[in-house]
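>>> Sequence and predicted structure, then a few things I'm wondering about:
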Amino acid sequence: MAHFDTVMRDYMQARGISAGSLAVSRQGRIALARGYTWADPAVATTRETDVFRIASLSKNIAGTAAMLLAQRGDLDLDAPVGDFVDLSPLPGRTADPRLGQVTVRRALQHLGGWNRDVSGDPLWRDHALAAESGFGLPLSEEDVVAHVSGLPLDAAPGTAYSYSNYGYLLVSRVIAAVTGSTFEDFTVSDVLGPVDVARMRAGRSLAQGQAGEVRYESKYTATTVLDASGAKVPTPYGGFNLENQLGNGGWVASAVDLVRYCTVYDTPGAAGVLTPASIDEVMAVPETGGGATHYGLGWYVRPTANGRNTWHFGSMPGTYTFLARSNGYTIAALFNRRGEGDGLNWGEIDPKLWSAVNAVGTWPSEDLTPRYF
C-alpha cells in the first residue's frame, strides 16, 4: 500500500499542500485510510477523520437525495422546478417563458439553460448581484433565486450541457420543499444515516478552529461577501458565501466518510438506500450531451467493459477534492488548497491514484470500516 503514500506525498509537496486525506475501499470495505501533513511542525497533524470542504463532490449528494425521493414516489424528476420552488422574478422584471421547462432532472444534468461562461455564476457574484438587485449582504438563497429568475436563460432547457452550480441550488430547495425539512436534515437522516455517516454536515463560511475541520489555505484575499463592511479577508473565509452553496458545493466530510457514503452505490443491497434500478437512472445518458462520457445526476459517467467509471472533482478557494469509483474500487482524496496560477496539472491525482491501485499485489484482508463507523 506504500504506493498510495508516495503518490500523496509527491503530489502535496509539489503543490505546497499542508493537509491531505485519502481513503480507498474495495468491494465496499475500507482498505486504506490516511491523513497527510506536510508543513511547518507547528501545523496540526491531519487525522483520517478530519473533515474538508468537499466542493462539487456535493453534487452527487444532491443527486442521490433527489433520486431517493423519486424512488419513494415523492418526487417526479421530470416535473418543473417551478412546481416546488418560487421562481418569481423581482418586481418590474419578467421571467424567461422557458423557465417552466427547467425540470429537476435537467437541473441535475446541467441542462437547465444557464451558462456561467455567458451570464456568470450567480453564486460567485455576490457583490454584483447585490448592486444590481438592491439586496443587502449577505445574500440569502431566496435573494439569488429572485434575481436569477428575472434574467434570460442562455439556452433552451434540455438543449445544451453547461455546468451550473445554480441548478443544484434549485435542486436543494426542491428537496426541502418536498420533504418539509431542510436539505441538510433530510440528507443526513435518509441518505447518510442508513450507512452510518455522521460527520458529514453543511460547511460554514467562517469555520476557523472548528473541531475536526482542517484549515483552508489560499494566497489570495477578497472583499467579504458576508457583510457590507468592505473588509479584506482570506478568500476561503468570507470571500464567498458557503451557506448558499450546500446543494452544489457546501458539504464537509472526511475521505473515509465519502467512501463509506459510496456504499450506497457500491453495495446497494447492504446500504439499503438506492435500488439498482435507481442507480441506473442516476447514471443514465441525458437527453443531450451524451457520448463516451456523460453527466448523470451528480456524477460524470464513462461506461467500461466491466461496468462504469464514475467520478467528480471539486474545487473552490482553499479546497481541491477527488472522488471516483471503478471496478469495485472507490477512492476519495481531499486537499486544503487548490491550484492558484501555479501551472501544475492538479487533475493528475486521478491517474496517479489508479496507478497505485493497480500496483497493489495483495490487498489487506482487514476491513477498516469498524474503526471509523
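Received it, and whenever you're ready, just let me know what you need. Numbers count the residues shown, from 1 in each chain.
>>> What ranges does this structure have for its strands?
Ranges of strands within the chain are 19-26, 29-37, 52-53, 201-202, 221-223, 232-234, 251-253, 294-295, 300-304, 307-316, 319-326, 329-335, based on DSSP state E.
>>> Need these in a markdown table (columns: distance to residue 278).
From N, CA and C alone the C-beta is placed, and that goes for glycine too. Listed next are the strands of the chain as a markdown table, based on distance: least, C-beta to C-beta, whole Å:
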| stretch | distance to residue 278 |
| --- | --- |
| strand 19-26 | 21 |
| strand 29-37 | 23 |
| strand 52-53 | 28 |
| strand 201-202 | 24 |
| strand 221-223 | 40 |
| strand 232-234 | 41 |
| strand 251-253 | 21 |
| strand 294-295 | 17 |
| strand 300-304 | 15 |
| strand 307-316 | 14 |
| strand 319-326 | 16 |
| strand 329-335 | 18 |
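>>> for these, which one sits closest to residue 136?
strand 221-223 (14.8 Å; C-beta to C-beta).
>>> Would you indicate which residues of that closest one are buried?
Residues 222, 223 are the ones in strand 221-223 that count as buried (16 or more other C-beta atoms under 10 Å).
>>> what helices or strands is it leaning on?
With contacts defined as 3 or more C-beta pairs under 8 Å, 6 or more residues apart in numbering; DSSP states H and E, the packing partners of strand 221-223 are strand 232-234.
>>> so how far is residue 249 from residue 59?
Separation of residue 59 from residue 249 (C-beta to C-beta, to the nearest Å): 7 Å.
>>> can you list residues touching both of the two?
Common neighbours of residue 59 and residue 249, counting by C-beta atoms under 8 Å, 6 or more residues apart in numbering, are residue 168.
>>> most tightly surrounded among the strands of the chain?
strand 52-53 (a mean of 30; mean count of other C-beta atoms under 10 Å).
>>> so what secondary structure elements neighbour that one?
Secondary-structure packing of strand 52-53 (3+ C-beta pairs under 8 Å, 6+ apart): strand 251-253, strand 319-326.
>>> Touching it from outside, list them.
Contact with strand 52-53 is made by 19, 21, 203, 213-214, 216, 242, 249-255, 316, 318-319, 321, 334-336, as judged by C-beta under 8 Å, 6+ apart.
>>> Any idea how far that strand is from the middle of the chain?
Offset of strand 52-53 from its chain centre (C-alpha atoms, centre = their mean, to the nearest Å): 10 Å.
>>> could you dump the strands of the chain to TSV with mean pLDDT?
Shown next, in TSV, are these (pLDDT from 0 to 100):
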stretch	mean pLDDT
strand 19-26	98
strand 29-37	97
strand 52-53	98
strand 201-202	97
strand 221-223	98
strand 232-234	98
strand 251-253	98
strand 294-295	98
strand 300-304	94
strand 307-316	96
strand 319-326	98
strand 329-335	98
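>>> Among those strands, which comes closest to residue 369?
In this view, the strands of the chain are compared for proximity to residue 369 by C-beta to C-beta, and strand 29-37 is the closest at 4.8 Å.
>>> Work out the gap between that closest one and the centre of the chain.
Its chain's C-alpha centre and that of strand 29-37 lie 20 Å apart, by C-alpha atoms, centre = their mean.
>>> now stretch 354-368
Centroid separation for stretch 354-368 versus its chain: 26 Å, with C-alpha atoms, centre = their mean.
>>> The helix or strand bottoming out on mean pLDDT in the chain: partners in the sheet, and parallel or antiparallel?
Lowest by mean pLDDT, DSSP states H and E among the helices and strands of the chain is strand 300-304, with a mean of 94. Next to strand 300-304 in the sheet, as set by DSSP bridges, lie strand 294-295 (antiparallel), strand 307-316 (antiparallel).
>>> Using JSON lines, lay out these together with distance to residue 157.
Shown next, in JSON lines, are these (distance: least, C-beta to C-beta, whole Å):
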{"stretch": "strand 294-295", "distance to residue 157": "15"}
{"stretch": "strand 307-316", "distance to residue 157": "23"}
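>>> Nearest approach to residue 355 belongs to which of these?
Each of the strands paired with strand 300-304 has some distance to residue 355 by C-beta to C-beta; the shortest is strand 307-316, at 14.7 Å.
>>> Outside of the closest one itself, list whatever touches it.
Under C-beta under 8 Å, 6+ apart, the answer for strand 307-316 is 53-60, 236, 240, 249, 265, 283, 296, 298-303, 320-327, 338-339, 346-347, 350.
>>> can I assume residue 215 is in contact with residue 19?
Yes. Taking C-beta atoms under 8 Å as the contact criterion, residue 215 and residue 19 are neighbours in contact, 7.1 Å apart.
>>> Now do the shared contacts for the two.
Common contact partners of residue 215 and residue 19 (C-beta under 8 Å, 6+ apart): 43, 336.
>>> and residue 144, how many neighbours does it have?
23 (other C-beta atoms under 10 Å).
>>> tell me the contacts of it?
122, 123, 129, 166, 169, 244.
>>> Go through those and flag which are in helices.
129, 166, 169 (DSSP state H).
>>> and which of these is nearest residue 34?
Nearest to residue 34 among the ones in helices among the contacts of residue 144 is residue 169, at 33.4 Å by C-beta to C-beta.
>>> What sits closest to the closest one if chain neighbours are left out?
In this structure, residue 169 finds its nearest non-sequential neighbour in residue 247, 5.0 Å apart by C-beta to C-beta, 6 or more residues apart in numbering.
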